[in-house]
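J.: Provide a 3D model corresponding to the input given below.
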Amino acid sequence: MAETRRTFTREFKVAAVKLVTGKGQSVAEAARSLGLGTEFLRRWKVTLAADGPEAFPGHGHVPPAEDEVRRLKAEVARLTTERDILKKATALFARESR
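T.: Modelled structure (predicted):
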């Protein structure tokens, strides 16, 4: 039977990283004490350093930059569809006027 996937809250991840950065424990020691793989903790440390307060957005909470990209992609798709419809309409009217 498959093992269920563990999920960790943002607070847990931040606290785990603080064990390494604030308390001076090594990544291996902190990971062992928390029952984690060292790679988890290394990745969380890099993510927290890179994204700061925006790190670990959680379920369905995307960073503002990612949300903006998603919105702009949807707008581009809508505008492309409108442009294609207008091109077809122009071609149709040009053919009828001959």
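J.: Asp51 reaches Pro63, doesn't it?
T.: Yes: Asp51 sits in contact with Pro63 when judged by Cβ atoms under 8 Å, with a separation of 7.3 Å. Using the backbone N, CA and C atoms, a C-beta is placed for each residue, glycine as well.
J.: wait, what's in contact with Phe40?
T.: Neighbour list for Phe40: Ala31 [criterion: Cβ atoms under 8 Å, 6 or more residues apart in numbering].
J.: now it: how far from Pro64?
T.: The spacing between Phe40 and Pro64, counted by Cβ to Cβ, to the nearest Å, is 26 Å.
J.: how is the chain divided into domains?
T.: 1-61, 62-98 (automatic domain parsing).
J.: and the first one, average pLDDT?
T.: If I follow you right, that is domain 1-61. In this model, domain 1-61 has a mean pLDDT of 85.
J.: need the three-state assignment for the residue most central in space within the chain.
T.: Ranked by distance to the mean C-alpha position of the chain (Cα atoms, centre = their mean), the top residue is Val62 at 5.7 Å. Following DSSP: H, G, I helix; E, B strand; the rest coil, we place Val62 in the coil state.
J.: contacting residues around it?
T.: Applying Cβ under 8 Å, 6+ apart to Val62 gives the contacts Arg70.
J.: let's go with 7 Å and repeat that
T.: Not one residue lies near Val62 by Cβ atoms under 7 Å, 6 or more residues apart in numbering.
J.: one step back: from the domains of the chain, which stretch is densest packed?
T.: Stretch with highest mean neighbour count among the domains of the chain: domain 1-61 (a mean of 13; mean count of other Cβ atoms under 10 Å).
J.: what's next to the helix or strand hosting Val14, contact-wise?
T.: Using DSSP states H and E, Val14 sits in helix 10-21. For helix 10-21, the surrounding residues in contact (Cβ under 7 Å, 6+ apart) are Gln25, Val27, Ala30, Leu34, Leu41, Trp44, Lys45, Leu48, Phe56, Gly58.
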